[in-house]
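Trainee: predicted model, plus sequence, below.
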Amino acid sequence: CNSYKLPREAAAPFSHLCVSMVSPLSLSLFFPLYTGFIINKTAMTWRDAQSYCRQHHTDLASISSPEQQNLISKESSLWIGLFLDSWEWSNQWSYFFRYWAADQPLLSLVSSNCAGMSATDSGKWAQYSCDLKQPFICYGGENCEVVVVLSVI
């Protein structure tokens, strides 16, 4: 998108909304179209991983279905975009899908506010200290696609 990008707060839950003038009397709106998961094997803290994903891709991965979970559950321990603030996704989407390990999350572990996939428990989610360094998974790159063209008559 080589047009104006709305700030994250204005375009939530999208990373941004692209707006472009087609002619003086019409306006095109573009929404990001996300292409998939990108695993980064570099070990980082949860916050550093989130910053990296937001800078280079979209965000840490939000997993919304068993099918998505199955795509990545064979990987090593990975940060995902879930964090303890009522356990919400970092991209602010609301998904009902959860894949916690049997004894997780442990609400008594106040310093362990970030979620990752466990390599030793079939990719089930576990609660970890956000300062732990481990690989992570981003939600992929974006393309812009025209969704609506508005014309003034």
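Mentor: The structure has been received and is ready for your questions.
Trainee: now residue 115: which helix or strand?
Mentor: strand 114-117 (DSSP states H and E).
Trainee: and stretch 120-135, how far apart are its ends?
Mentor: Stretch 120-135 has an end-to-end distance of 15 Å (C-alpha to C-alpha, to the nearest Å).
Trainee: assign residue 71 to helix, strand or coil.
Mentor: helix (DSSP: H, G, I helix; E, B strand; the rest coil).
Trainee: residue 140 versus that one, what's the distance?
Mentor: As judged by C-beta to C-beta, to the nearest Å, residue 71 and residue 140 stand 12 Å apart. No exception for glycine: its C-beta is placed from N, CA and C like everyone else's.
Trainee: same question, residue 81
Mentor: Residue 81 is 13 Å from residue 140, by C-beta to C-beta.
Trainee: try residue 80
Mentor: Relative to residue 140, and taking C-beta to C-beta, residue 80 is found at 14 Å.
Trainee: what touches both of residue 71 and residue 140?
Mentor: Taking C-beta atoms under 8 Å, 6 or more residues apart in numbering as the criterion, residue 71 and residue 140 both touch residue 37.
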